[in-house]
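J.: No letters, just coordinates:
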C-alpha cells in the first residue's frame with residue numbers, strides 16, 4: 001500500500017450523503033458470540049442490530065473481530081450486506097480483555113491487509129466500538145484517509161467512580177487509551193446526553209464532535225405475548241412470582257443485590273417462598289472468574305437457593321420468553337452506558353426495577369415504565385420489589401407504560417440517525433482534506 005493512498009477522499013453516494021461501505025471494528029468480542037457471558041453483552045447486540053439496519057439501507061458493513069478458534073472461517077456473511085471478518089491476532093482462545101492490547105498491532109495489520117486487497121477508497125468510514133477498537137480505527141482512519149466514528153460503550157473513569165465492593169478498577173493505561181481515542185475520533189457517538197457530558201467533562205472531548213444517538217430494541221422480536229405460554233415453555237408455575245436478572249454475572253452488574261433482596265422479601269413474608277422464583281439468566285464474566293460460584297454460595301448462605309434458578313445465557317428467541325414470563329426485571333448495575341436488557345424487557349411489557357445510574361435513567365422512565373432505585377442497599381430493593389409484588393394493578397400500569405416507552409427506541413431510528421452521523425463525519429473530513 002503506497003503512502004499516497006492515505007489521501008483518498010471517501011466517495012459518498014450521490015444525493016444521499018451516506019457511505020457505500022463501512023468498516024466496523026469490534027476487536028475483543030465478536031457479533032457472532034452469544035451475549036450474556038464472557039466478553040459478550042450489549043455491545044455485541046448493538047453491532048449486530050446496527051449492521052443489519054445499515055445493510056437494509058444499502059450500506060455494506062464489514063465487521064472486523066479477533067479470531068478465537070483455528071477453525072473459524074476468515075469471512076462469514078451473516079446476511080446480504082453484512083460480513084464478519086475473523087482476524088488472527090494472538091492465541092486462538094478467549095483472552096481476558098486486559099490482555100487484548102498486546103494483540104492490537106497484529107489485529108491492525110490484519111485489518112490493513114484486508115483493505116489492501118481492494119482498490120483505493122474501498123471503505124468510506126470506520127466505526128469503532130470500545131476503546132480497544134478505537135486504537136485500531138485510529139490507525140486505519142489515518143492510513144485510508146477516511147473519518148473515524150467511535151462509540152465508547154463503557155468508560156473507565158465512569159466505572160471506577162462507581163465500583164462494586166471487591167471489584168477490580170480499570171487501569172490507568174485504559175484511561176489514557178480512552179483519552180487518545182477521544183482526541184483522535186472525528187465524531188464520538190454517545191448513548192445518552194449524560195454520556196455526552198461525561199465525554200466532555202471527564203475526557204475533554206470537543207462538544208461539537210459529540211453526538212447522542214440512543215441504541216434501540218428489536219420491536220418485532222421483543223413484544224408482549226402470553227405470559228402463561230412463556231412460563232409453560234420455561235417450566236415455571238403459572239402463579240409464581242418471577243423476578244428476572246438477565247446478563248453477565250459480574251460485580252458490575254450486581255446480581256447479588258437481587259439475591260440479597262429476595263432473602264429479605266422472604267424474611268418479611270415467609271409464605272412468599274412457595275411462589276417466588278428468582279431467575280438469573282447469564283454466565284460468568286470479567287477478571288473475577290469465581291463470581292458465578294460466589295453467587296451460588298451466597299444464595300445457599302442466605303437460604304434462598306431453593307428460589308434462585310440459575311440458567312445459562314440464551315439466544316434472543318429464548319430470552320424473549322424470560323422477559324414475558326417475568327413479573328419484574330431487575331437491573332441493579334453499578335454502571336451502565338445504556339442498558340439494553342432494560343429496554344428489551346419493557347418492550348415485552350415487563351416493568352423494570354433498575355439502579356438510578358448512567359443510561360438506565362434514560363432506558364427506564366421512572367414511575368411510568370418501571371422504578372429507579374437510588375443506591376444498592378438490598379433493603380431498598382426489597383422494599384421496592386415487595387411493594388410492586390403486592391400491587392398487581394400498578395405492575396399492569398407500569399407494563400403498559402413499558403411498552404409505550406420502549407417503542408421510542410427502535411433500531412430503525414438508531415440506524416437512520418447513525419447515517420446522519422456518518423454523513424456529517426464524511427463532510428467534516430472532506431472539508432479538512434480539501
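T.: Yep, it's here. Note that the structure is a prediction, hence the values are computed from the model and not measured. Residues are numbered from 1 along each chain as shown.

J.: Lowest mean pLDDT among the helices and strands, pick that one out for this structure.
T.: Within the chain, no helix or strand scores below helix 291-301, which has a mean of 85 by mean pLDDT, DSSP states H and E.

J.: Could you spell out the sheet neighbours of the following helix or strand past it, each with its direction?
T.: The first helix or strand that comes after helix 291-301 along the chain, using DSSP states H and E, is strand 308-311. Paired with strand 308-311 in the same sheet, following DSSP bridges, are strand 276-281 (parallel).

J.: Also compute the angle for the partner strand relative to helix 291-301, please.
T.: Strand 276-281 runs at 170 degrees relative to helix 291-301, counting by axes from the mean of the first three to the mean of the last three C-alpha atoms, to 10 degrees.

J.: how far is the least confident helix or strand of the chain from where the chain is centred?
T.: Helix 291-301 sits 25 Å away from the centroid of its parent chain (C-alpha atoms, centre = their mean, to the nearest Å).

J.: And for stretch 135-152?
T.: 21 Å.

J.: Then stretch 359-376?
T.: Mean-position distance between stretch 359-376 and its chain equals 17 Å (C-alpha atoms, centre = their mean).

J.: and it, which residues are buried?
T.: For stretch 359-376, a neighbour-count test (16 or more other C-beta atoms under 10 Å) marks 359-365, 368-373, 376 as buried. C-betas here are computed from N, CA, C, even on glycine.

J.: try stretch 406-416
T.: Using 16+ other C-beta under 10 Å as the test for burial, stretch 406-416 gives 406, 409, 410, 411, 414, 415.

J.: Give me the phi and psi for the fifth one.
T.: The one in question is residue 414. Backbone geometry at residue 414, expressed as degrees, to the nearest 10, gives phi -60, psi -50.

J.: In contact with it, which residues?
T.: Residue 414 makes contact with 49, 50, 53, 213, 214, 215, 216, according to C-beta atoms under 8 Å, 6 or more residues apart in numbering.

J.: ok, which pair from these is furthest apart?
T.: Farthest pair in these (C-beta to C-beta) is 53 and 214. Separation: 13.7 Å.

J.: With neighbour numbers in mind, choose between the two.
T.: residue 53 (23 against 19; other C-beta atoms under 10 Å).

J.: element containing the more buried one, please.
T.: Short version, using DSSP H and E: residue 53 is in helix 42-56.

J.: now for the helix or strand just after that helix, which elements pack on it?
T.: Downstream of helix 42-56, the first helix or strand assigned by DSSP H and E is strand 60-66. With contacts defined as 3 or more C-beta pairs under 8 Å, 6 or more residues apart in numbering; DSSP states H and E, the packing partners of strand 60-66 are strand 21-25, helix 42-56, strand 82-87, helix 104-116.

J.: Can you flag which of the buried residues of stretch 406-416 belong to helices?
T.: Secondary structure from DSSP state H places 406, 411, 414, 415 of the buried residues of stretch 406-416 in helices.

J.: picking up where we left off before, could I get the buried residues of stretch 359-376 as TSV with pLDDT, secondary structure and distance to residue 205?
T.: Formatted as TSV, those follow (pLDDT from 0 to 100; DSSP: H, G, I helix; E, B strand; the rest coil; distance: C-beta to C-beta, whole Å):
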residue	pLDDT	secondary structure	distance to residue 205
359	93	coil	17
360	96	helix	22
361	96	helix	20
362	95	helix	19
363	96	helix	22
364	97	coil	26
365	98	coil	27
368	98	coil	31
369	98	coil	30
370	98	strand	30
371	98	strand	32
372	98	strand	27
373	98	strand	30
376	97	coil	29
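
J.: What is the most widely separated pair among those residues?
T.: Checking these with C-beta to C-beta, the most distant pair is 368 and 376, at 22.6 Å.

J.: Residues in contact with stretch 89-109: which ones?
T.: 27-28, 38-39, 64, 66-70, 87-88, 110, 132, 135-136, 139-140, 171, 173, 177, 287.

J.: Mark which of the residues you listed are buried, thanks.
T.: Neighbour-count burial (16+ other C-beta under 10 Å) applied to the contacts of stretch 89-109 gives 27-28, 38-39, 64, 66-68, 87-88, 110, 132, 135-136, 139-140, 177.
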